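Participant: build me a model:
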Amino acid sequence: AGAGAAVWALTAWAAPLGWPLWAQALLTLALVAPLGPLLYRTVYQPLRDATVLVLLIASVALHLALTGLALVFFGPEGSRTPPFAGGNLTVGQVTLSNQSLLVILLSAVLMLGLYFFFERTMVGKALRATAVNHLGARLVGISPASAGMLTFTLAALIGAAGGMMIGPRVAMNYDSGFLIGLKGFIGAIIAGLVSYPLAAAGALLVGLIESFASFSLSAWKEVIVFTLILPVLLWRSLTTRHIPEDEE
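Facilitator: Numbers count the residues shown, from 1 in each chain. Okay, here's the model as predicted:
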């Protein structure tokens with residue numbers, strides 16, 4: 001609470017001063033990152049032993065509450081942020097903005113960082129173990145509560161960084177994060193929720209389909225993208241071997 005109040009006071013003092021964009025970005029990360037563990041402690045930690053259905057209902061309720069707050073904070077109109085890198089780069093017949101190249105670079109760095117974090121560090125392996133079996137992780141000395149706090153902190157940091165990166169290219173609304181998260185979820189479903197490289201490839205596939213749909217059927221692009229999850233789930237259901245509970 002004290003750290004949050006200090007960051008809020010610093011923001012209120014720095015807002016009229018017109019700090020450089022990178023300083024404002026760091027301050028934004030400092031404001032948004034604590035929301036992750038705060039939401040986990042308030043909503044999910046009391047329900048850590050609940051069923052998946054209860055967690056889903058709690059997540060929907062939390063989404064509705066955050067959407068209402070975002071509507072109050074940001075308003076109904078979309079907004080853009082200044083680019084971190086101005087100018088364009090021409091490669092042959094293709095012209096790319098420096099901001100787009102920065103987004104691609106940051107995405108690659110985040111994916112590599114997450115890969116090494118979960119594969120090479122004890123903390124990352126502990127998070128994976130908790131995700132697979134929280135009871136077994138507790139038996140070997142891993143705290144599910146600490147794992148949840150760290151997971152939500154990472155999610156808040158990545159979400160805030162992603163929003164700031166794409167803000168100059170796409171008008172951000174109060175519900176943009178929900179739509180982006182759903183598209184990322186579809187990419188993860190394509191990978192079966194088990195492979196980072198396949199999840200990245202699935203996200204690229206979702207982006208390509210959305211781009212082609214925006215060009216030819218712009219009014220139906222969201223429907224086309226979200227309908228993609230149906231054949232993927234059908235394919236996964238037909239190709240996955242289901243183990244009966246008495247054999248586990």
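
Participant: ends of stretch 66-81, how far apart?
Facilitator: Counting by C-alpha to C-alpha, to the nearest Å, the length from the leading to the trailing residue of stretch 66-81 is 21 Å.

Participant: what's in contact with it?
Facilitator: Among residues not part of stretch 66-81, those counted as contacts by C-beta atoms under 8 Å, 6 or more residues apart in numbering are 164, 167-168, 170-178. In this view, the C-beta of every residue, glycine as well, is placed from N, C-alpha and C.

Participant: list the contacts of the residue nearest in space to the middle of the chain.
Facilitator: Note on the chain: the residue nearest the mean C-alpha position is G159, at 4.7 Å, using C-alpha atoms, centre = their mean. Shown here is G159, whose contacts under the criterion C-beta under 8 Å, 6+ apart are 32, 177, 181.

Participant: on that earlier part again, now, of the contacts of stretch 66-81, which are buried?
Facilitator: With neighbours counted using 16 or more other C-beta atoms under 10 Å, these contain these buried positions: 164, 167-168, 172-174, 176-177.

Participant: what packs against the helix or strand T130 falls within?
Facilitator: According to DSSP states H and E, T130 maps onto helix 122-132. Packed against helix 122-132, as judged by 3 or more C-beta pairs under 8 Å, 6 or more residues apart in numbering; DSSP states H and E, are the following elements: helix 98-120, helix 134-139, helix 144-166.

Participant: list the buried residues of the shortest one.
Facilitator: By neighbour count with 16+ other C-beta under 10 Å, helix 134-139 contains the buried residues 134, 137.

Participant: hmm, who's touching the helix or strand containing S211?
Facilitator: Element membership of S211, judged by DSSP H and E, is helix 196-216. Helix 196-216 is touched from outside by 111, 114-115, 118, 183-184, 186-193, 220-221, 224-225, 228, with contacts defined as C-beta under 8 Å, 6+ apart.

Participant: quick one: that helix to helix 98-120, angle?
Facilitator: When axes from the mean of the first three to the mean of the last three C-alpha atoms, to 10 degrees is applied, the directions of helix 196-216 and helix 98-120 differ by 150 degrees.

Participant: what helices or strands is the helix or strand following helix 196-216 leaning on?
Facilitator: Using DSSP H and E, the next helix or strand after helix 196-216 towards the C-terminus is helix 221-227. Judged by 3+ C-beta pairs under 8 Å, 6+ apart, helix 221-227 is in contact with helix 176-190, helix 196-216.

Participant: most packed of those?
Facilitator: helix 176-190 (a mean of 17; mean count of other C-beta atoms under 10 Å).

Participant: my guess is F178 contacts H63. True?
Facilitator: Yes. In this structure F178 lies within contact range of H63 using C-beta atoms under 8 Å: 6.5 Å.
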